[in-house]
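Engineer: need a structure here:
(2 chains)
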Amino acid sequence: MNAVGSGVWLCRRWARLYTRNLPTAAAADRRDELESDLWEHGNDVALHSTGHRRYQLEVVVRVLLGAPADIAWRRAVRAQSQSLRKGVIMNGYIRRHSHDFAIALAALGVMPGMSLLVLLGSAGDSDSRNELYWVLSALALSAVLLSGVIVRAKKTRPRIGTALLVVGAPAPAVAWFWFPPLYLLSLAILVAALLSAPRRPSNIPAPI
Amino acid sequence: MRRKPGVLLPLELDILAVFASALNSTDPWLHGYGLARQLAEHKGARQLTAHGTLYKALGRLADAGLLEQEWEDPDIATVAGRPRRRLYRITGLGQVAIVDGQTAPESSAAPRVSPA
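Structural biologist: So this is what the prediction gives:
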């Protein structure tokens, strides 16, 4: 660096400093824009034969007077990128755990239906056809729910898994209809399955 | 200076005025340095607007939808032997913001803009 290049040197060093640890695109855009500005400024000076010393002085003054705005810009860009990152992390955390939670709840919801297997033989022997239909319905729903648990756990077809969980969600309530707390379990399975459902990819472009 | 959200600063109104006058020229697109030069002429100042002040204001106006911006085709810059330019042009919303600013009484607040 010589005395003539001090303004440009200062501008580049300062830009490199205040764009450090910012999102790559935002930092590169700012540095590229400054490079263009410096070049155009230098070219303008050359055309008008203003003199390099004056050019360098003008650049230094522009850098120094703009420093507070640069710092404010950096803070704004950092705040924006950090809030986005937090949002992504939180979203990923909630989605991952809602998936596990849905599977655990659904596995729990299969139990009441399975417990009816012991009644299956006696229901067939009794005169009560209604009881047989109830047991078979509860078993069918529990089987659907169990299929949903398996498919969702494998993660191969999450949409089908979700659909099976939603259809099979009433299983615990139907199996033990005389025990109202299990209605809440059915509701919880339904909500957890829907909350953990895979979403279609968004068309919105990623933010800078 | 802490500003109210959506309120244009005098510098931003000056920038919009320069872009609006550029609409009458052959090329309404301006790059940062070209704008700084025209702003100095517009205000009769010798000193160009500081880098940080200028590009922060341009970014804010673009975010608010008052300016549109695009990077120049790199091939054009390569042929011209210079860094590629980031070009800006005023939008319809920007022109409305100028009209609002010019018709607003001196004592009242600067025109408000809603982010795009």
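Engineer: the helix or strand where A:A143 lies packs against which elements?
Structural biologist: Secondary-structure assignment from DSSP states H and E places A:A143 in helix A:129-154. With contacts defined as 3 or more Cβ pairs under 8 Å, 6 or more residues apart in numbering or on different chains; DSSP states H and E, the secondary structure elements packing on helix A:129-154 are helix A:52-115, helix A:117-125, helix A:158-168, helix A:171-175. In short, each C-beta sits where N, CA and C put it, glycine included.
Engineer: which stretches in chain B count as strands?
Structural biologist: Ranges of strands within chain B are B:30-31, B:67-71, B:86-90, based on DSSP state E.
Engineer: mind checking which of those strands is nearest B:E41?
Structural biologist: Closest of the strands of chain B to B:E41 is strand B:30-31, at 12.6 Å (criterion: Cβ to Cβ).
Engineer: what does stretch A:56-64 contact?
Structural biologist: With Cβ atoms under 8 Å, 6 or more residues apart in numbering or on different chains as the contact definition, stretch A:56-64 has outside contacts at A:3-8, A:10-11, A:14, A:38, A:41, B:47-52.
Engineer: looking at this, A:R20 is in a helix?
Structural biologist: No - secondary structure of A:R20 (DSSP: H, G, I helix; E, B strand; the rest coil): coil, not part of a helix.
Engineer: that one - how many residues pack around it?
Structural biologist: The number of residues packed around A:R20, counting by other Cβ atoms under 10 Å in any protein chain shown, is 9.
Engineer: so who does it touch?
Structural biologist: Under the criterion of Cβ under 8 Å, 6+ apart, the neighbours of A:R20 are A:A27.
Engineer: helices - which of the contacts of stretch A:56-64 land there?
Structural biologist: For the contacts of stretch A:56-64, the ones inside helices are A:S6, A:G7, A:V8, A:L10, A:C11, A:W14, A:L38, A:H41, B:H51, B:G52, with DSSP state H as the criterion.
Engineer: the second one against A:Y55, yeah?
Structural biologist: In other words, A:G7. Yes - using Cβ atoms under 8 Å as the test, A:G7 is close enough to A:Y55 to be in contact (7.0 Å).
Engineer: with neighbour numbers in mind, choose between those two.
Structural biologist: Just comparing A:G7 and A:Y55: by other Cβ under 10 Å the higher neighbour count belongs to A:G7, 24 against 20.
Engineer: for the more buried one, give its distance to A:R54.
Structural biologist: To A:R54, A:G7 is 10 Å away according to Cβ to Cβ, to the nearest Å.
Engineer: next one: B:H51
Structural biologist: Look at B:H51 and A:R54: by Cβ to Cβ, they are 17 Å apart.
Engineer: what parts of chain B come near chain A?
Structural biologist: Chain B has residues B:31-34, B:36-37, B:47-56, B:59, B:71, B:82-86 near chain A, with proximity defined as Cβ under 8 Å from any Cβ of the partner chain.
Engineer: confirm for me that A:A173 is in contact with A:A188.
Structural biologist: No - in this structure, A:A173 sits apart from A:A188 without contact. The criterion is Cβ under 8 Å, and the distance is 10.8 Å.
Engineer: those two: which has the busier surroundings?
Structural biologist: Set side by side, A:A173 and A:A188 show unequal neighbour counts under other Cβ under 10 Å, the larger going to A:A173 at 22 against 18.
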